[in-house]
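Q: compute the structure for the input listed below.
(2 chains)
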Amino acid sequence: MSEAVLCHQLVKRYDAGKKSVEAVRGLDLQVSRGECFGLLGPNGAGKTTTVEILEGLLRPTSGRVEVLGLQWGAGHDHELRQRLGVTLQETRLREKLSVLETLQLFRSFYHDGIEPEEALGLVSLDEKADTWVLKLSGGQRQRLAVACALVGRPELLFLDEPTTGLDPQARRQLWEVIAGLREQGKTILITTHYMDEAERLCDRVAIVDHGRVIAQGPPKELILQMGGEHVVEFSLESDSQDPAPDPDATIFLNLADVRSVARESESYLLTVSEPHRSIPSLLELLTRQKWKLRSLTTRHVNLEDVFVNLTGRHLRDG
Amino acid sequence: MAKNAFVQLVLSHMRGYLREPEAIFWTYGFPLIMVVGLGLAFNSETPAPTEFTVAQGSWDNPLIQGIREDESFQISTLPMDDALSRLKTNKTVLVVSIGDSGLVEYFFDPTNPAGSTARRVVDDAMQRLAGRRDAFRWTEQQTDAPGSRYVDFLVPGLIGMNIMGAGLWGIGFSTVDLRVKNLLKRLVATPMKRSHFLLSLVSSRIVFFIPEMLFLLVAAHLIFGVPVAGSYVTIVLVAFAGSLTFSGLGLLTASRARRIESISGLMNLVMIPMWLGSGIFFSSERFPAFLQPFIQALPLTQLINALRAVILTGESLASQGRALVILSVWCLLSYLLALKFFRWV
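A: Numbers count the residues shown, from 1 in each chain, chains lettered A, B, ... in the order given. Presented below is the predicted three-dimensional model:
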């Protein structure tokens, strides 16, 4: 069976007057059937452009794209659309249609599909069937958008930034919906700039930056590639007379068990695999140098750290 | 039926529209207010009296005295200087002054039709009073019978204007609105047939155009006694041709626009020539000959002419062939170009 998504050396260039902007610059991607795949990257990394090319809404400048074994513009577009479910980054559905009416409309476009009421159940909106879209909260609207993508019983589901702009509770509700779909074995391609979302939902992620995939694999593996699973984060105290000491970050590289070091304004971040060895070693160095700690915390490495490690920037910085 | 995509699309447009109370007002309320307002303004039972001002010193002149009681005149008197300044500010259209020598002086602006008319009417009345007799015999027939009054002329014009507005605004605005909301893109990502979408948009509007037009026509008939000489079937068919054409123009106008501001500007650009030239308020034939080819080519000119013919004089559909052909050409061209240039994503 063909891969769900195959994407080779994808390029998308926009010509804006004399300037041409390359949103996607040679992006490779492979999504297998039955997996939940995440495109993780900051805003402007080219995620949405990539997904809209995969959805057949944009034409690539160059590169090869196969979706469910078919290519866009080769006479199968209608068939392909029958087999895909899509939520766009931002769609404002008709405000004065009820939830059920909206789903009936979307259901009518597909030969095969599930009953609108069933789709409502999948996103836990049963009680809102007769409510106008106008009256829904942001999270409910987003779940309705997902339901619209589900009524056609899609083989492949594209969710473009499904939780952007939602409050934490609404995000968790949507995560439950997506996790449920994943358990049913649906193939899902999701874009996000929230690393916790990618970590929690995705079997595999591709980290995208400046229109290219800079790392790809299961979240766990990407984290392991950092060399350690823990981050020790600390900052140094300033004296009443003296400013805080400002040592170069490389000085900490020689400590026991430290795999990499990063500097973030006043904080130092050490990637380690065994905190019980690295922290004593750190404390020893500080005592020797007569530096005092202002703060020290440890946590597990997350995808954000992977991104910072690869790019020197944060996801949210864009 | 409920699962038919086209039916669902039409339903969704109609629901969206019916649940918008403002839209209902602009479709039904506003045109009615316009007909009633303009109808009342131009439909006084007795002709309005001729207004003019007499210089104070001339008030007791026998010529003025003789017409002071005449109800067809509305005369005021002021010192000469004040009277002239009123004339300059257009508060009176004619100032009459009669000198000691008996010389009658008229002051008026010849480019103001009301001034010239007042001058002739007042002069005529005073000359008759002074003894002038007509050189020949005459009779006159006044045409204020229903069917030939200004309000009768006006109603088909307003119906035509409304069909244009509903088509262009109704279709154009909602299309751009859907585009702005990304809903168009979302629909294109489904297997929806694009032609279904465009057709459903037009169909849902026409479902409202026809009752709207009949509503106006019946209201004008009941309030002002505007006669409906032609058959309703013929009238509906002409209005339908107009609706279809202006819906197409609406689609074409909205085919590329990405913002509400730009569609508003484009709409005005398309509509203003027709508001001015197509004879809504007065006959388009009054424009100079060199403009006529242009004016006759406008779809609204043809729609209004055809509506007047079938409503007021009961002409047949066949007699309006030329108008229908011109409308059809606009209609076809609009849809073809709209389909070609339509921006879906």
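Q: tell me the residues of chain B that contact chain A?
A: B:2-5, B:7-9, B:11-12, B:15-16, B:19-20, B:181-183, B:185-186, B:188-192, B:345 (C-beta under 8 Å from any C-beta of the partner chain). No exception for glycine: its C-beta is placed from N, CA and C like everyone else's.
Q: can you do 10 Å?
A: B:2-9, B:11-13, B:15-20, B:177-178, B:180-193, B:196, B:344-345 (C-beta under 10 Å from any C-beta of the partner chain).
Q: quick one, phi psi at A:Arg259?
A: In terms of degrees, to the nearest 10, the main-chain angles of A:Arg259 are phi -90, psi -40.
Q: quick one: the spatially closest residue to it that is not a sequence neighbour and chain B, what's the gap?
A: Sequence neighbours aside, A:Gly227 is the residue nearest to A:Arg259 in space, at 3.3 Å (criterion: C-beta to C-beta, 6 or more residues apart in numbering or on different chains). Plainly put, A:Gly227 is 42 Å away from chain B if you go by C-beta to the nearest C-beta, to the nearest Å.
Q: where does A:Gly227 sit: helix, strand or coil?
A: Three-state call for A:Gly227 (DSSP: H, G, I helix; E, B strand; the rest coil): coil.
Q: could I have the buried ones of the residues of chain B next to chain A as ChimeraX selection syntax?
A: To isolate the buried members of the residues of chain B next to chain A in ChimeraX, using 16 or more other C-beta atoms under 10 Å in any protein chain shown:
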select /B:5,6,7,8,9,11,12,13,15,16,17,19,177,178,181,182,183,184,185,186,187,188,189,190,191,192,196
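Q: filter the residues of chain B next to chain A down to the ones in helices?
A: Judged by DSSP state H, helices contain the following of these: B:5-9, B:11-13, B:15-18, B:177-178, B:180, B:183-188, B:196.
Q: surely the residue nearest to A:Arg259 and A:Glu274 touch.
A: No. In this structure, A:Gly227 is not within contact of A:Glu274 by C-beta atoms under 10 Å, at 11.6 Å.
Q: settle it for me: which of the two has more neighbours?
A: A:Gly227 (15 against 12; other C-beta atoms under 10 Å in any protein chain shown).
Q: what sits against the more buried one?
A: Neighbour list for A:Gly227: A:257-260, A:271-273, A:301, A:309 [criterion: C-beta atoms under 10 Å, 6 or more residues apart in numbering or on different chains].
Q: return the members of those classed as buried.
A: A:257-260, A:271-273, A:301, A:309.
Q: among the residues you listed, find the lowest-pLDDT one for me.
A: For those, the weakest pLDDT value sits at A:Asn309, with 82.
Q: so which helix or strand takes in it?
A: Secondary structure from DSSP states H and E places A:Asn309 in helix A:303-311.
Q: other SSEs contacting that helix?
A: strand A:36-40, helix A:195-201, strand A:204-209, strand A:212-217, helix A:219-224, strand A:230-236, strand A:258-264, strand A:267-272 (3 or more C-beta pairs under 10 Å, 6 or more residues apart in numbering or on different chains; DSSP states H and E).
Q: sheet partners, orientation included, of the shortest one?
A: Neighbouring strands of strand A:36-40 in its sheet, by DSSP bridges, are strand A:187-192 (parallel), strand A:204-209 (parallel).
Q: possible to save these as JSON lines with mean pLDDT and mean neighbour count?
A: Converted to JSON lines, the strands paired with strand A:36-40 look like this (pLDDT from 0 to 100; neighbours: other C-beta atoms under 10 Å in any protein chain shown):
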{"stretch": "strand A:187-192", "mean pLDDT": "96", "mean neighbour count": "24"}
{"stretch": "strand A:204-209", "mean pLDDT": "94", "mean neighbour count": "24"}
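Q: how about the ones you listed, which one is nearest B:Gly225?
A: Proximity to B:Gly225 (C-beta to C-beta) singles out strand A:187-192 among the strands paired with strand A:36-40, at 66.1 Å.
Q: for the closest one, C-alpha coordinates in CSV please.
A: This file holds the C-alpha atoms of strand A:187-192, laid out as CSV (Å, rounded to 0.1, in the frame of the first residue of the first chain):
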residue,chain,number,x,y,z
THR,A,187,-4.0,8.8,9.5
ILE,A,188,-3.6,12.3,10.7
LEU,A,189,-1.2,15.1,9.7
ILE,A,190,-1.3,17.9,12.2
THR,A,191,0.6,21.2,12.2
THR,A,192,1.4,23.0,15.4
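Q: please compute how far it lies from its chain's middle.
A: In terms of C-alpha atoms, centre = their mean, to the nearest Å, the centre of strand A:187-192 is set 8 Å apart from its chain centre.
Q: ok, now stretch B:231-241?
A: 19 Å.
Q: flag every buried residue along it.
A: Of the residues in stretch B:231-241, those buried (16+ other C-beta under 10 Å) are B:234-239, B:241.
Q: returning to what we had before: please enumerate the shared neighbours of A:Gly227 and A:Glu274.
A: With C-beta under 10 Å, 6+ apart as the test, A:Gly227 and A:Glu274 both reach A:Asp257.
Q: measure the one residue sitting closest to the centre of chain B to B:Ser328 for me?
A: With distances taken as C-alpha atoms, centre = their mean, the residue of chain B nearest its centroid is B:Ile280 (3.1 Å). Applying C-beta to C-beta, to the nearest Å, the value for B:Ile280 to B:Ser328 is 22 Å.
Q: the helices in the stretch 101-250 of chain B, which residues?
A: For the stretch 101-250 of chain B, helices defined by DSSP state H, counting those that start in this stretch occupy the ranges B:113-129, B:150-165, B:174-180, B:183-188, B:194-224, B:232-253.
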